[in-house]
Every structure is written in structure tokens, then in C-alpha cells.
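Student: 3D, please:
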Amino acid sequence: MKILVPIKRVVDYNVKVRPLSDNSNVDLNNVKMAVNPFCEIALEEAVRLKESGKATEVVAISVGKSDSQEQLRTALALGADRATLIETDSILEPLAISKVLQKVAEDEKPDLIILGKQAIDGDNNQTGQMLAALLDYPQATNASELVIEESSVKVTREIDGGLQTLELNIPAIITTDLRLNEPRYASLPNIMKAKKKELNIIPVADMGVDVDPRSELLSVELPPSREAGIIVETVEQLVDKLKNEAKVIQ
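Tutor: Numbering: from 1, shown residues only. This is a model prediction of the structure:
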């Protein structure tokens, strides 16, 4: 079984992002970058499946700038067998990324595609669903448990009021939730081994897909500061303000 794991380079989750002075985008100058946390969970699950004998190969792929090689090397150190970077200087939208991944999947023919449910920068939660539609693969989103059967995969996902278990025919697409697993840290020997693993770079223009944007980013701004609260002396004052000023009670 071959597993394809798309990963994304994002600002480290510990970093507080700021907009550029002209509000044209997020300021990424001298900012620490990392593998998207949900992508780490997807990669960890793929590596665990390989370690258990259920999978034979784990392939990491990223769509982004040349700097994304750093995150792919991290993926190789965490257990991926090889990696591919679809290189572009543009910031692609989820639909464009899905089209690129569709071409990769058609070439690689993976049995499973496991990816994070969303990236912590755009928070779109769209790529997995769009990719499933383009490939016409069955999909399960927000997976919290995954069990491989002979020719299918059972996925448990958290829904309002309980758990839902789906059985998908392979090939299939799964997007991961936080509770699926806890990603490992890369050991120094594996980091050194990762330098010798295969990492291919393909320009996005060679993929033959339309990656033109469908939307325009107008501005990036910090949210407005919260106003200070009001201290009241009595319950009667509180009720009066909730009723007449906030108008949240009748």
C-alpha cells in the first residue's frame, strides 16, 4: 500500500503573526516556519501504518516555494520514504493546490491520501474535499481513528453528539483531526538519513493545470482591540445594562 501525504509550510504555531506595514499580506520576514500541525498528524499516521506492516511506502508532497524543501526534509526525517516539491513562487488557493495534487495522485496512484483537515494559516478546510471530488475518491474528514481492512479503511470521526464510523473503499482520501495521534520528534540519526533520501522538485508550470487565482486579497489587518469591561455595583445595575444597553435579555 502506498500512502501520499501532502504537507504545507506555515508560520510556526508559537509565532504571533503581524501584517505588513502596507497591510498587503502577513509579514513573514525572519519568521520561524514549520510543518502545519495537522499535516504532522497525517504524516505520523502514515508512518505508523508503514511500521505496522499495513503500508509499504510513504510519499510526502508539498506545493509551494523552494523554501518548502526544509519541511519536506523534516517529513523525510519523520519517516517518509521520499518527497516531491511542486515549486511555485505564487501562493496558491485550495482549488489550485487540489488540481496539482490530482495530477500527482494520477501519476503516483496511491492507495490512501492522508492530509491535515486544514492549514493553520488560511484555515480553509477545503483542499481534502476538493481533491476527493476531482479524483472521485471516497473521503472521510476529521478522522480521530483509522483502521485498515483488506480492501477498505474504517474511519471514526467526531460529530455533534457522538462518533461516526465510515467504511471507505480503497483508494480513499482521509483528513486528520487533532485526536488521531501525537506526532513524534525527529531523531538526530533520522535527520542525517533524511539528507540522502530522494527529494524531487517539479515546477508547477510542468503540471499542466490551471492555477490562476479565483479571488483577490484586499488587505490583512489586526482585529480591533477589545474595549474595557464595565464594573457594576449591584445585580440591579447588571440587569439594567443587559436589558437596556446590551439588549440581550427582555
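
Student: tell me which residues in the host helix or strand of Leu166 are buried?
Tutor: When elements are assigned from DSSP states H and E, Leu166 belongs to strand 162-169. Counting neighbours by 16 or more other CB atoms under 10 Å, one finds that the buried residues in strand 162-169 are 166, 168. Where you see a C-beta, it was placed from the backbone N, CA and C, and this is true even at glycine.

Student: And the contacts of that strand?
Tutor: Identification of contacts with strand 162-169 by CB atoms under 8 Å, 6 or more residues apart in numbering yields 138-140, 144, 149, 151-158, 174.

Student: Name the nearest of those relative to Ile230.
Tutor: Glu158 (38.0 Å; CB to CB).

Student: and the nearest residue to that closest one once chain neighbours are set aside, how many neighbours does it have?
Tutor: Nearest residue to Glu158, sequence neighbours excluded (CB to CB, 6 or more residues apart in numbering): Ser144, at 5.3 Å. Look at Ser144: counted by other CB atoms under 10 Å, it has 16 neighbours.

Student: Over to Gln139?
Tutor: The number of residues packed near Gln139 is 18, by other CB under 10 Å.

Student: In contact with the closest residue in space to Gln139 that isn't next to it in sequence, which residues are there?
Tutor: Of all residues beyond its chain neighbours, the one nearest Gln139 is Ala132 (3.7 Å), with distances taken as CB to CB, 6+ apart. Contact analysis of Ala132 by CB under 8 Å, 6+ apart lists 138-139, 173.

Student: tell me which element Ala132 falls in.
Tutor: According to DSSP H and E, Ala132 maps onto helix 127-135.

Student: next SSE after that helix?
Tutor: strand 139-148.

Student: is it fair to say Pro189 lies in a strand?
Tutor: No - counting by DSSP: H, G, I helix; E, B strand; the rest coil, Pro189 is not found in a strand; it is helix.

Student: burial count for it?
Tutor: Pro189 - counted by other CB under 10 Å - has 9 other residues nearby.
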